[in-house]
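> Generate coordinates for the sequence data below:
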Amino acid sequence: MSISNFTVLMPSVLTLVGIPGLEPVQCWIGIPFGAMYIIAMVGNSLLLFIIKSECSLHEPMYFFLGMLGATDIALGSSIMPTMLGIFWFHMPEIYFDSCLLQMWLIHTLQCTESGILVAMALDCYVAICYPLRYATFFTHQLLTQIGAVVILRAANLVAPCLVLIKCRLQFYHTTVISHSYCEHMAIVKLAAGNIQVNKIYGLFVAFSVAVFDLTFISFSYIQIFLTVFCLPQKESRLKAFNTCIAHICVFLEFYLLAFFSFFTHRFGSHIPPYIHILFSSIYLLFPPFLNPLVYGINTKQIHVHVVKMLCL
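Sure, this is the predicted structure:
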């Protein structure tokens, strides 16, 4: 229902541009994105299959790794069908409520992934700093509780974004989103009226998650490194460090990409829009693509089982 030539009341359908300025070559951009998506889905599915089928991998570290793999599959699947539909099949339209659902899924899964990295840091911390307490600390009940808290925290933090958009933003200047998927601020900026509350809450979620998670992970690794460097034998130090190397790689890749995307969006006004959109899309797809490769190469138990499966 149109209120004026420039304002629309709660549109039923939105249009995603894709990558503004690169529309003529989006079909070619979709090829590496599609390849990364396929590798991410196959790699994470294989990771989950190995962890589930091998009894020797039914340990806390692999429980969290399985959660990470499942999150990566869900995250990739929540954005890539929409993006490839735009790039390859010229299907830019999406229902407003479907767009909100995609937005909620994307940000919830990002928050969930950050929470899983915190849980994995806790796993490394207890394994190295308190090895004798490891088996008694990580009970099945505690693992279930940690998994539930990580998921519920993410869902409950992001849910108010939906409520604020549905209840506060009734009128919209345009129905065209200059993005390749439904991102929170991309939707909020369409609205006519006061969007400050929505922007502030979005920043609150991002900063609260980042500050808490980064503080906890940093504290854990400071304690881990202090413990490792105090070990008397070089072989013991190397073994302890190798326990955490895959998690450190995933941690750095996830947060460095997140901060780069965040700061270029907030402070890179002179950067062309297509650069912003490309990097924000890569930020969402790269962790699901890279994580199974990192753990497949750096985790001996998983590497051995993958080689066995490929040799059959």
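> quick one: low-confidence parts of this structure?
Confidence mapping of the chain against pLDDT under 70 gives the ranges 1-6, 231-238, 240, 265-269, 312.
> Tell me who's in contact with the residue nearest the centre of it.
Geometric centre of the chain, nearest residue: Gln110, 3.3 Å, by CA atoms, centre = their mean. Neighbour list for Gln110: Leu75, Ala154, Ala258, Leu284 [criterion: CB atoms under 8 Å, 6 or more residues apart in numbering]. Just so you know, the C-beta spots here come from the backbone N, C-alpha and C atoms, and that holds for glycine as well.
> I'd like to know which of those residues are part of helices.
Using DSSP state H, the members of the contacts of Gln110 that fall in helices are Leu75, Ala154, Ala258, Leu284.
> For Gly202, see how far away the last one is.
By that I understand Leu284. 16 Å (CB to CB, to the nearest Å).
> So the two - more neighbours on which side?
Leu284 (23 against 20; other CB atoms under 10 Å).
> In contact with that one, which residues?
Leu284 touches Leu75, Gly76, Ile79, Ile106, Gln110, Tyr181, counting by CB under 8 Å, 6+ apart.
> what does Asn198 give?
By CB under 8 Å, 6+ apart, the contact list for Asn198 reads Cys161, Leu164, Ile165, Arg168, Leu169, His184, Val188, Ala191.
> Now with 7 Å, please.
Counting by CB atoms under 7 Å, 6 or more residues apart in numbering, Asn198 touches Leu164, Ile165, Arg168, Leu169, Val188.
> Break down the stretch 151-300 of the chain into its helices, ranges please.
184-188, 196-229, 234-267, 273-298, 300-311 (DSSP state H, counting those that start in this stretch).
> Of all those helices, which one is nearest Val176?
helix 184-188 (10.4 Å; CB to CB).
> Pull the residues that contact that closest one.
Contacts of helix 184-188 (CB under 7 Å, 6+ apart): 99, 103, 107, 161, 165, 169, 177-179, 195, 198-199, 202.
> what's the nearest residue to Phe216 if we skip its chain neighbours?
Val118 (5.3 Å; CB to CB, 6 or more residues apart in numbering).
> Next, count neighbours for Thr112.
24.
> What residues of stretch 97-112 count as buried?
99-100, 102-112 (16 or more other CB atoms under 10 Å).
> Can you say which two of the contacts of Asn198 are spatially most distant?
With CB to CB as the measure, no two of the contacts of Asn198 lie farther apart than Arg168 and Val188, at 9.7 Å.
> of the two, who's got more company?
Val188 (21 against 14).
> The more buried one and Met103, how far apart?
10 Å.
> Same check on His58?
His58 is 35 Å from Met103, by CB to CB.
> can you check His270 too?
Using CB to CB, His270 is found at 27 Å from Met103.
> and the residue nearest to Phe216, how many residues sit next to it?
22.
> quick check: angle from the strand or helix carrying it to helix 273-298?
Following DSSP states H and E, one finds Val118 within helix 96-129. Angle of helix 96-129 versus helix 273-298, following axes from the mean of the first three to the mean of the last three CA atoms, to 10 degrees, is 40 degrees.
> List the buried residues for the helix or strand just after helix 96-129?
Next helix or strand after helix 96-129 toward the C-terminus (DSSP H and E): helix 134-137. Across helix 134-137, burial judged by 16+ other CB under 10 Å covers no residue at all.
> For Thr15, which three-state class applies?
strand (DSSP: H, G, I helix; E, B strand; the rest coil).
> got the CA positions of stretch 246-257 in CSV?
Coordinates of the C-alpha atoms in stretch 246-257 are reproduced here as CSV (Å, rounded to 0.1, in the frame of the first residue of the first chain):
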residue,chain,number,x,y,z
ALA,A,246,43.5,-25.2,14.5
HIS,A,247,41.3,-23.3,16.8
ILE,A,248,43.7,-20.3,16.7
CYS,A,249,43.6,-20.3,12.9
VAL,A,250,39.8,-20.4,12.9
PHE,A,251,39.6,-17.8,15.6
LEU,A,252,41.9,-15.3,13.8
GLU,A,253,40.2,-15.9,10.4
PHE,A,254,36.7,-15.3,11.9
TYR,A,255,37.4,-12.2,13.9
LEU,A,256,39.9,-10.5,11.5
LEU,A,257,37.3,-10.8,8.7
